[in-house]
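[1] how would this look folded up:
(one chain, ligands or ions: 1)
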Amino acid sequence: MFFISIACFLLFLYYLFTKNYAYWESKNVPFEKPVFIFGSFYKIVTKQQLFYRIREIYNNFKIPYCGIYIFNRPNLVIRDPQLIKNVLVKDFDKFMNHQIASNEKVDPLAYHSLFGSQDDVWKNLRSKISPVFTSGKMKLMLPLMKECGSDLVVCVEKHCGNKIDIKDVMKKYAVDIISSCAFGINSYCLKEEQSEIMDVATRLTDFKSFVRNFSVFSFLYAPKLVDILRLTMFDKTASDYLIGVFKNTLKEREKKGILRNDFIHLLNNLKQDEAFSENYKFDDLKMAAQAITFFFAGNDTTAFTLSFAMYELSRNKEVQDRLRQEIKEAFNKHGTLTYEAIQDIPYLEMVLNEVLRKYPFTIILDRKCDNTYTFEDTGLTIDKNVSILIPIAGLHYDPQYFPDPEKFDPERFSLENRDKIVPYTFLPFGDGPRSCLGQRFALLASKVALAHCLKDFAFDIADTTKVPLELDNGVPFIMNKGNLHLNVTKL
Ligand code: HEM
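    Prediction:
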């Protein structure tokens, strides 16, 4: 009797877990047959990088949309640019939120961060925080970025005639920039061997640790576990440390009347803004939540984009030489790297766009359907809470949109060619009202780094670097496995 009860209980659990697996069939949507427990992500758990898994799904279904299951949850993958536009822009009010746990009591930082916030909390935050990222504000931050650019030059110079691990160096550069601009502090990662902030940054984005992976997994796919186990989106030790830094900096500035053109100053101005506080009380914790979000969102994204850029420039010497030439011309014309000088190097933006096409840090975008929704033209109706996935990695490698997609070719983004790019097929920063808030900041910080590195140094691939690069399976974004060594020479 005991064994029969156990068997019945297990069968019941099996039924509960797999009952969703009939969803796409019931909607007449072509779908990938799920593997028990993992759905379409079983290969990721075993051996495949998310980047290749998404491209495989995209290529297996050459139709406007298809269904997959992530664990036991139905997700609609849309690959038609018109449908993507509907979700990201046209019907944004129905797809405003991500599929993510949100509980103010359990994790107030996530609840009030731009990533984790939902509905009116997100709307309020986004409309008030957007002005922090205008071109004018970025221009004022340029001197802070250039200080990090100079430290980068010193660091590269030390490796001249030798190998440099560009992934490690770019991570230090990104942490230095975001510490300076978001927290108003010098982290000296490039200058010193050991930096406390570097350890914090590593903890915050350590997707290799089981605990971090489990927390992020629960936030995305098992919100009930977040409540029961009181999990947090950001690593607790790292976020507590950053809150401390944030509060100290605020106190110090108030005491000494320090004025600095960085995010902490702009966020503090928002706190004083009574019109803002009317619908959303902006206290120190909520301010710190934004600064931690910038720190989290702004370091690996920028670091890995830059290391992939240096890798491609080292493999494509003619692109590296042309870029160096344009950088030198801009320096000569403007005397130094001013904001205007950067705008005078159009090839820099073309190169970065091509890097972001080949190596989009965010492999998929997600949106949650907040109500029953019918896609125009297709007649497909999906139910409330179904997740929509936009396969950036698939679109960026579709030869229909980007011919010869494996080729590194910045010309795709030249003035003459960029209008030919089909809208909603190039999405490294997402699109629509919930697109990346830090896009301008990330592009400017990346341009400053490349301009400083290339002006007086030449790079090529070291014999210890595997070509083509191998991607790291253990992370849900795009990062190469191990070090990325380049040979560096002073010109
Ligand atoms: C190369 C660098 C970067 C890439 C490729 C990138 C990419 C993205 C993408 C794809 C999204 C999701 C957009 C969507 O769902 O439509 C996003 C969101 C976001 N990013 Fe970035 N990002 C980068 C750098 C940064 C930096 C430097 C910051 C801040 C300083 C930042 C702040 C944010 C924020 C706050 C959001 C959430 C926006 C919201 O939900 O309203 N990002 N980013």
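
[2] Please identify the residues of the chain in proximity to the ligand?
    114-115, 126, 293-294, 297-298, 301-302, 305, 361-362, 365, 428-431, 434-438, 441-442 (Cβ under 6 Å from any ligand atom). Placement of C-beta: from N, CA and C, glycine included.

[3] Now which of the residues you listed would you call buried?
    The neighbour-count test (16 or more other Cβ atoms under 10 Å) applied to these identifies 114, 293-294, 297-298, 301-302, 305, 361-362, 365, 428-431, 434, 436-438, 441-442 as buried.

[4] If we ignore the residues flanking it in sequence, what's nearest residue 260?
    Nearest-residue entry for residue 260: residue 184, 5.7 Å, with adjacent residues in sequence omitted and distances by Cβ to Cβ, 6 or more residues apart in numbering.

[5] Residue 253 is in contact with the one you found, correct?
    Yes. In this structure, residue 184 sits in contact with residue 253. The criterion is Cβ atoms under 8 Å, and the distance is 7.4 Å.

[6] Show me which of these two is the more surrounded one.
    Using other Cβ atoms under 10 Å, the more surrounded residue of residue 184 and residue 253 is residue 184, with 22 against 16.

[7] got the contact list for that one?
    Residues in contact with residue 184, defined by Cβ atoms under 8 Å, 6 or more residues apart in numbering, are 249, 253, 260, 262, 264-265.

[8] now do 10 Å
    144, 245-246, 248-250, 252-253, 258, 260, 262-265, 291 (Cβ atoms under 10 Å, 6 or more residues apart in numbering).

[9] Next secondary structure after the helix or strand harbouring residue 393?
    In this structure, residue 393 sits in helix 392-396 according to DSSP states H and E. The helix or strand immediately downstream of helix 392-396 is helix 439-456, counting by DSSP H and E.

[10] Name every strand pairing with whatever helix or strand comes next after that following helix and say which way it goes.
    Beyond helix 439-456 on the C-terminal side, the first helix or strand identified by DSSP H and E is strand 457-461. As defined by DSSP bridges, the strand partners of strand 457-461 come to strand 485-490 (antiparallel).

[11] hmm, who's touching the partner strand?
    Contacts to strand 485-490, defined as Cβ under 10 Å, 6+ apart, come from residues 156-169, 307, 310-311, 313-314, 453, 456-466.

[12] can we see that at 6 Å?
    When contacts are defined by Cβ atoms under 6 Å, 6 or more residues apart in numbering, strand 485-490 is touched by residues 156, 159-160, 163-166, 314, 457-460, 462, 464-465.

[13] which one of those residues has the most neighbours?
    Counting neighbours by other Cβ under 10 Å, the one among the contacts of strand 485-490 with the most is residue 166, which has 28 neighbours.

[14] Residue 140: helix or strand, and which one exactly?
    Remark: residue 140 resides in helix 135-158, with elements defined by DSSP H and E.

[15] and what of residue 106?
    Residue 106 belongs to no helix or strand, assigned by DSSP H and E.

[16] where do the helices sit along the stretch 151-300 of the chain?
    Under the criterion DSSP state H, counting those that start in this stretch, helices of the stretch 151-300 of the chain are mapped to 166-183, 196-204, 210-221, 223-229, 236-256, 263-272, 274-279, 284-315.

[17] how about those helices, which one is nearest residue 379?
    Closest of the helices of the stretch 151-300 of the chain to residue 379 is helix 210-221, at 29.0 Å (criterion: Cβ to Cβ).

[18] pLDDT averaged over that closest one, what's the number?
    The average of the pLDDT scores along helix 210-221 is 80.

[19] now for it, which elements pack on it?
    helix 223-229 (3 or more Cβ pairs under 6 Å, 6 or more residues apart in numbering; DSSP states H and E).

[20] roughly how far is the helix it packs on from the heart of the chain?
    When distances are taken as Cα atoms, centre = their mean, to the nearest Å, helix 223-229 is centred 25 Å away from the chain's centroid.

[21] Tell me which residues of that helix come out buried.
    Neighbour-count burial for helix 223-229 flags 223, 225-226 (criterion: 16+ other Cβ under 10 Å).

[22] and the gap between residue 61 and the ligand?
    Separation of residue 61 from the ligand (Cβ to the nearest ligand atom, to the nearest Å): 22 Å.

[23] Residue 452 contacts residue 151, doesn't it?
    No. The pair residue 452 / residue 151 is not scored as a contact, 9.2 Å apart, by Cβ atoms under 6 Å.

[24] for this structure, where's the lowest mean pLDDT among helices and strands?
    Taking all helices and strands of the chain together, the one with the lowest average confidence (mean pLDDT, DSSP states H and E) is helix 274-279, at a mean of 66.

[25] residues near residue 267, how many?
    Residues near residue 267, counting by other Cβ under 10 Å, number 24.

[26] pretty sure it contacts residue 289?
    No. With contact defined as Cβ under 6 Å, residue 267 and residue 289 do not form a contacting pair (10.0 Å).

[27] just to revisit the earlier point, which one of the contacts of residue 184 is nearest to residue 192?
    Ranking the contacts of residue 184 by separation from residue 192, with Cβ to Cβ as the measure, puts residue 245 on top at 16.9 Å.
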